[in-house]
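Student: Build me a structure from this.
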Amino acid sequence: MGLEAAIIAPVSEPTRRSFLDTLLWTSLAATGVACLAPVPFYLMPPDSARPRRRMTVGKRGDFPAGKARKFADIRAIVLNDGELRAFDYRCTHQECPVNWDEASMKLKCPCHGAVFSSKGEPLAGPNKGPLAALRVDVTAAGDVVVGEP
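Tutor: From the prediction side, this is the model:
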């Protein structure tokens, strides 16, 4: 019986001080994790720094007059306003994706009301300049290829 008493120590009740110590260290650990969470995003290059590849987006007939199509993998919007044009579909204000408005034949940003002409020129709103134009080539076979100029 003497040996058992030496091995098993009595369990002490938690004190207010031990609770506050635990709370303090848990809070500090959570703050440290929250401060370090953005580091991987800082180390990765932004989308705009990554090279944009050229891509075949369809046939010439896939783009009727007055219509537009978006392509997320190359961040482009291709439109036909009598001429095939392509732009980076991110608004120059805060990079929200612009949409094609068929009725007015304009590109509009739903976030803050920026409006661009079918040539990518700023018309209204808080935009910071024209949309980035992309090169559009139509091959002899009628394929539409879009990418960096």
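
Student: contacts, neighbours, all on C-alpha from now
Tutor: Fine.

Student: Okay, helices next: where are they in this protein?
Tutor: 2-7, 16-36, 39-43 (DSSP state H).

Student: which stretch in the ones you listed has the least confidence?
Tutor: When those are ranked by mean pLDDT, helix 2-7 comes last with a mean of 58.

Student: pLDDT below threshold where in the chain?
Tutor: 1-11, 45-52, 149 (pLDDT under 70).

Student: can I see the domain layout of it?
Tutor: 14-44, 49-147 (automatic domain parsing).

Student: Highest mean neighbour count out of those?
Tutor: domain 49-147 (a mean of 17; mean count of other Cα atoms under 10 Å).

Student: before we move on, back to that, the helices of the chain: which one's closest to residue 110?
Tutor: helix 39-43 (26.0 Å; Cα to Cα).

Student: how much distance is there from that closest one to the middle of the chain?
Tutor: Mean-position distance between helix 39-43 and its chain equals 15 Å (Cα atoms, centre = their mean, to the nearest Å).

Student: Quick one: the helices of the chain as JSON lines, columns for distance to residue 125 too.
Tutor: JSON lines is the format used below for the helices of the chain (distance: least, Cα to Cα, whole Å):
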{"stretch": "helix 2-7", "distance to residue 125": "76"}
{"stretch": "helix 16-36", "distance to residue 125": "35"}
{"stretch": "helix 39-43", "distance to residue 125": "30"}
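
Student: For residue 145, find the nearest of the ones you listed.
Tutor: helix 39-43 (31.4 Å).
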